[in-house]
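Novice: got a predicted structure plus its sequence, pasted below:
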Amino acid sequence: MKLVKSLLLGSAAGLIAVGGAQAADLPVKAKAVEYVKICSLYGAGFYYIPGTDTCIKLGGYLRAEVGLNTNSIYGIQNGAPAGAHNRLSNYYTMRAREDLNIDTRTATEYGVVRTFFDATFSWTTAGYVGTGSATGTTAGTFTTAGTTTLNPSDGGTSGGSLGVYYAFIQFAGFTMGKAVSQFDAPWTNYPGNNIDSLVGGSGTVTGVNQFTYTADFGQGVTAAFSAEDATAYYQAGNLNLFGITAAGALGGSYGSNAVGGSRSPNLVAMVRVDQAWGLFQASVAAHDNHVAYYGASEITGHPDDKWGWAVQLALSIKNIPTGAGDTLNIQGVYTDGATRYNFQNLAGSSYSMYSGSDVAYQSVGFANAPDTVFVPGSNQESVKTWGFRGAFTHNWDPYWNTALYGAYAHASFGSLAKNFLCGGGGFAGFFAVPGVTSCNPDFNVGQVGVITRWTPVKNLTFSADFNWTRIDQKYAGVVGPVTPTATFAKPLATYELKDQDSFTLLLRAQRNW
């Protein structure tokens with residue numbers, strides 16, 4: 001019995017020893033997984049980046065759309081090829097686009113540090129133009145400012161592109177990088193519409209490089225001063241009128257563009273009141289017109305720099321009596337040597353459009369509004385413009401709304417340009433031909449449109465945007481025989497000088513997220 005007890009006790013002790021050894025060899029228990037936590041400091045959609053005190057939000061949209069009778073997906077029937085109104089013109093352009101934006105924010109002793117990035121990935125079909133050459137060739141045209149062609153290998157009938165819209169840092173009241181201009185109204189080019197090509201105000205919808213300080217006075221009152229890059233979106237042209245040709249004039253150009261190198265950014269100041277009733281904003285800008293030379297080399301001389309300027313007022317009224325959520329957005333602008341603050345970059349300031357005629361082969365309407373013009377030996381003469389745009393948006397119910405919008409812009413030339421082009425009242429200038437009965441480079445652009453949107457479920461919207469644009473040019477009579485620029489495929493013939501119209505329709509489906 002004693003032997004049995006000894007064996008049992010020994011076995012138990014051995015098992016305990018072995019168990020203790022095994023327990024000592026077990027791995028240390030892993031730390032709990034650090035799950036992503038919601039960040040409620042900056043609104044819905046923000047999360048803490050694991051292991052940091054920085055909050056991040058991802059957003060964007062996916063869009064499918066088709067533009068009918070457009071020069072591009074959003075542009076009016078202007079220039080080559082759409083303005084030609086012949087077999088080179090595209091009846092439609094289709095696009096699919098994904099937008100991605102990344103918003104990060106971190107609370108510091110100096111306030112919130114914010115970074116924001118927004119990029120688009122696009123695939124556009126029918127993005128080609130006929131060259132109008134003798135061989136009838138067709139050329140692809142995909143790479144534009146701020147985009148990179150990804151896949152042009154199919155011969156130029158469709159293409160992918162990457163566009164960087166915004167990339168900026170905000171810290172202690174400063175904004176540094178690519179952001180919407182401080183001059184712009186909050187709705188940029190869209191008081192109630194979808195198309196990009198409205199005149200009557202500034203609109204850097206894809207951002208402009210800038211260094212800005214914004215002061216917040218409370219109660220929705222802010223003020224900003226900004227130095228903004230002038231080279232990407234604010235050069236309407238400094239034209240040497242001696243470079244004019246008949247074909248170029250009919251194509252919407254009055255000479256050779258002689259813009260010099262960058263010298264000064266645009267200087268912008270803005271004051272805004274943004275409260276429950278709506279918004280009011282006043283903006284001013286200064287733009288340096290810096291020309292290269294009168295001729296091809298340094299010894300030809302050059303005109304002095306000439307500063308242009310612009311001023312804009314914008315007003316938004318919310319929840320007007322016509323219905324819940326209805327809004328009225330309006331703005332007006334005046335420019336002197338700073339045309340892009342009225343004829344904004346996506347609208348352009350050069351026009352050339354053809355249609356039928358009862359007295360000539362066809363009719364043509366052309367116009368151009370640069371920043372300044374000059375001739376060898378002269379100073380720069382600024383082009384003055386004014387304009388306005390606005391929209392009234394009515395909500396029929398939670399799912400349907402309609403906006404009626406319009407825009408108008410006027411460009412006026414000085415005596416130097418009018419004497420060179422028209423010779424004053426004697427018509428001794430460039431357009432001194434027997435058939436021209438009225439000569440005046442001044443012109444107007446009027447636009448009216450209506451858009452209806454249907455949002456059947458949250459963040460999914462279908463829209464149809466119809467636009468009419470009229471180019472009211474001040475020439476009359478006939479010119480020719482003349483051969484227009486080859487890209488229009490127009491023959492040597494006489495052409496009637498006449499106002500022109502454009503009708504476009506933009507259909508879109510968009511899912512925001």
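Specialist: Arrived safely, thanks for sending. Numbering: from 1, shown residues only.
Novice: pLDDT value on residue 426, please?
Specialist: With respect to pLDDT, residue 426 has a value of 54.
Novice: how about stretch 229-237: buried residues?
Specialist: Neighbour-count burial for stretch 229-237, counted by 16 or more other C-beta atoms under 10 Å, picks out 229-230, 232-237. The way it works is simple: take the backbone N, C-alpha and C, and place the C-beta from them, glycine included.
Novice: average pLDDT for it, rounded please.
Specialist: 94.
Novice: for the stretch 151-300 of the chain, which residues score under the pLDDT cut-off?
Specialist: Low-confidence segments of the stretch 151-300 of the chain (pLDDT under 70): 151-158.
Novice: again with the stretch 401-513 of the chain
Specialist: Across the stretch 401-513 of the chain, the ranges flagged by pLDDT under 70 are 424-428.
Novice: if we go to 80?
Specialist: 424-429, 432 (pLDDT under 80).
Novice: quick check, nearest of the buried residues of stretch 229-237 to residue 334?
Specialist: For those, the closest approach to residue 334 (C-beta to C-beta) belongs to residue 236, at 14.9 Å.
Novice: the closest one reaches residue 342, doesn't it?
Specialist: No. Using C-beta atoms under 8 Å, residue 236 is not in contact with residue 342, being 9.2 Å away.
Novice: residue contacts, residue 337?
Specialist: Counting by C-beta atoms under 8 Å, 6 or more residues apart in numbering, residue 337 touches 287, 289, 306-309, 371-372, 380, 382-384.
Novice: what's the single longest strand in the protein?
Specialist: Counting by DSSP state E, the longest strand found in the chain is strand 92-108.
Novice: following element in sequence after that one, please.
Specialist: Using DSSP states H and E, the helix or strand that follows strand 92-108 in sequence is strand 111-125.
Novice: any idea of the angle the longest strand of the chain forms with strand 111-125?
Specialist: Computed by axes from the mean of the first three to the mean of the last three C-alpha atoms, to 10 degrees, the angle separating strand 92-108 from strand 111-125 equals 170 degrees.
Novice: still on that earlier bit, any chance of the buried residues of stretch 229-237 in CSV, plus secondary structure and distance to residue 301?
Specialist: What follows is those, written out as CSV (DSSP: H, G, I helix; E, B strand; the rest coil; distance: C-beta to C-beta, whole Å):
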residue, secondary structure, distance to residue 301
229, coil, 28
230, coil, 23
232, coil, 28
233, coil, 29
234, coil, 26
235, coil, 22
236, coil, 23
237, coil, 20
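Novice: which of those residues lies closest to residue 329?
Specialist: residue 233 (21.5 Å).
Novice: ok so residue 430 is a strand residue?
Specialist: No. Under DSSP: H, G, I helix; E, B strand; the rest coil, residue 430 falls outside any strand and is assigned coil.
Novice: just give me the neighbour total for it.
Specialist: When neighbours are defined as other C-beta atoms under 10 Å, residue 430 has 19 of them.
Novice: tell me the contacts of it?
Specialist: Here residue 430 is in contact with 244, 249, 420-422 (C-beta under 8 Å, 6+ apart).
Novice: let's see 7 Å
Specialist: Taking C-beta atoms under 7 Å, 6 or more residues apart in numbering as the criterion, residue 430 is in contact with 244, 420-421.
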